[in-house]
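Trainee: here are the coordinates; sequence isn't available:
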């Protein structure tokens, strides 16, 4: 499956901005099961400086600066991505008891385990407490395999939490999300990660896109696709396996990976500093167009 992806972000400012400096993590990754064939960024007004680097988590970061006065900023990334045969099809061959995975991560003996063990620690958006651990223990019972436990955790979040776009912001504490049992995709990913890490397992936050399909007989609306977030668990001797608790699925042909890190703060699609501007209005539109 091949996709053309167009991700446009627009900031409208109440007053003029004299200078802005930004980091964009908008280049899709080339990883197992996914190839980014091309990507280009379009910035209006034109940038006076632009450069790319690879961050600690191997995400591509585009750095740009605009020195001319402006009251609107538009950043558009256009990419072509190919999704290969899902790497999740043969998970039963690499699965193991979750306690074995925990023990291997607790005393890493390989470089791969050592790198993965960094994702066992709590982070800014994934604090661990006894209530989170108690919730996780319902899925992570003795003798249960790692993949089965993660599937169960994913399904419980899907069925027990309400998707409510108006309830949270990125600054809403995870404790509030847990207490009220509602939020959005990034909240569900953060909560799942807190659960995994409370069990001594390695989990990472994944940002990307999900294709939305219109009701039968209706045309797809432009800009109707969405940025999305899910989580991945590290399976020793295999690698990372993705889980989408918002939709209760293992991501396959409708999920495109942009970046990953410990939590949202490591993968923010677009962030920066502006001088001036006053109040701002943000608009985001995503299109995923099937090429095959």
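Mentor: Arrived safely, thanks for sending. What you are looking at is a predicted structure, and each value in this text was computed from that prediction instead of being measured.
Trainee: residue 48 against residue 21, yeah?
Mentor: No. In this structure residue 48 lies outside contact range of residue 21 using C-beta atoms under 8 Å: 10.3 Å. Using the backbone N, CA and C atoms, a C-beta is placed for each residue, glycine as well.
Trainee: got any residues that touch both of those two?
Mentor: Taking C-beta atoms under 8 Å, 6 or more residues apart in numbering as the contact rule, residue 48 and residue 21 both touch residue 65.
Trainee: who has more neighbours out of the two?
Mentor: Applying other C-beta atoms under 10 Å to residue 48 and residue 21 shows that residue 21 carries more neighbours, namely 15 against 11.
Trainee: which residues are in contact with that one?
Mentor: So residue 21 contacts 63-65, 272-273 (C-beta under 8 Å, 6+ apart).
Trainee: go on, residue 56?
Mentor: By C-beta under 8 Å, 6+ apart, residue 56 has no neighbours at all.
Trainee: show me which strand runs longest in this structure.
Mentor: Ranked by residue count, the top strand of the chain under DSSP state E comes out as strand 2-24.
Trainee: ok, it: who's next to it in the sheet?
Mentor: Counting by DSSP bridges, the strands paired with strand 2-24 are strand 60-66 (antiparallel), strand 70-83 (antiparallel), strand 270-276 (antiparallel), strand 280-290 (antiparallel).
Trainee: mean confidence for the first one?
Mentor: Looking back up the chat, that one is strand 60-66. Mean pLDDT, computed over strand 60-66, is 98.
Trainee: which parts of that strand are buried?
Mentor: 60, 62, 64, 66 (16 or more other C-beta atoms under 10 Å).
Trainee: kindly report the same for the longest one.
Mentor: Along strand 70-83, these residues count as buried under the neighbour rule (16+ other C-beta under 10 Å): 70, 73, 75-81, 83.
Trainee: distance from the chain centre to it, please.
Mentor: 17 Å (C-alpha atoms, centre = their mean, to the nearest Å).
Trainee: give the next helix or strand downstream of that strand.
Mentor: The first helix or strand that comes after strand 70-83 along the chain, using DSSP states H and E, is helix 91-94.
Trainee: the next helix-or-strand element following that following helix packs against which elements?
Mentor: Counting by DSSP H and E, the next helix or strand C-terminal to helix 91-94 is helix 98-106. Using 3 or more C-beta pairs under 8 Å, 6 or more residues apart in numbering; DSSP states H and E, the elements in contact with helix 98-106 are helix 111-117, helix 146-160, strand 226-235.
Trainee: average pLDDT for the shortest one?
Mentor: Just to be clear, that refers to helix 111-117. Averaged over helix 111-117, pLDDT sits at 96.
Trainee: and for the longest one?
Mentor: Predicted confidence along helix 146-160 averages 97 (mean pLDDT).
Trainee: and the closest residue to residue 144 other than its chain neighbours, how far from residue 145?
Mentor: For residue 144, ignoring the flanking residues on the chain, the nearest one in space by C-beta to C-beta, 6 or more residues apart in numbering is residue 98 at 6.1 Å. Counting by C-beta to C-beta, to the nearest Å, the gap from residue 98 to residue 145 is 7 Å.
Trainee: looking at the two, which one has more neighbours?
Mentor: residue 98 (26 against 18).
Trainee: and the more buried one, how close does it get to residue 215?
Mentor: Per C-beta to C-beta, residue 98 is found 39 Å from residue 215.
Trainee: and for residue 157?
Mentor: Taken as C-beta to C-beta, the span from residue 157 to residue 215 is 26 Å.
Trainee: more neighbours: which of the two?
Mentor: Ranked by neighbour count (other C-beta under 10 Å), residue 157 and residue 215 place residue 157 first, with 24 against 7.
Trainee: roughly how far does the more buried one sit from residue 141?
Mentor: 17 Å.
Trainee: now do residue 230
Mentor: 23 Å.
Trainee: what's the answer for residue 58, then?
Mentor: Taken as C-beta to C-beta, the span from residue 58 to residue 141 is 34 Å.
Trainee: so, low pLDDT: which residues of the stretch 51-200 of the chain?
Mentor: 86-89 (pLDDT under 70).
Trainee: again, 80 this time
Mentor: For the stretch 51-200 of the chain, the stretches with pLDDT under 80 are 85-90, 92-93.
Trainee: just to revisit the earlier point, more neighbours: which of residue 230 and residue 141?
Mentor: Taking neighbours as other C-beta under 10 Å, residue 230 and residue 141 compare with residue 230 leading, 27 against 12.
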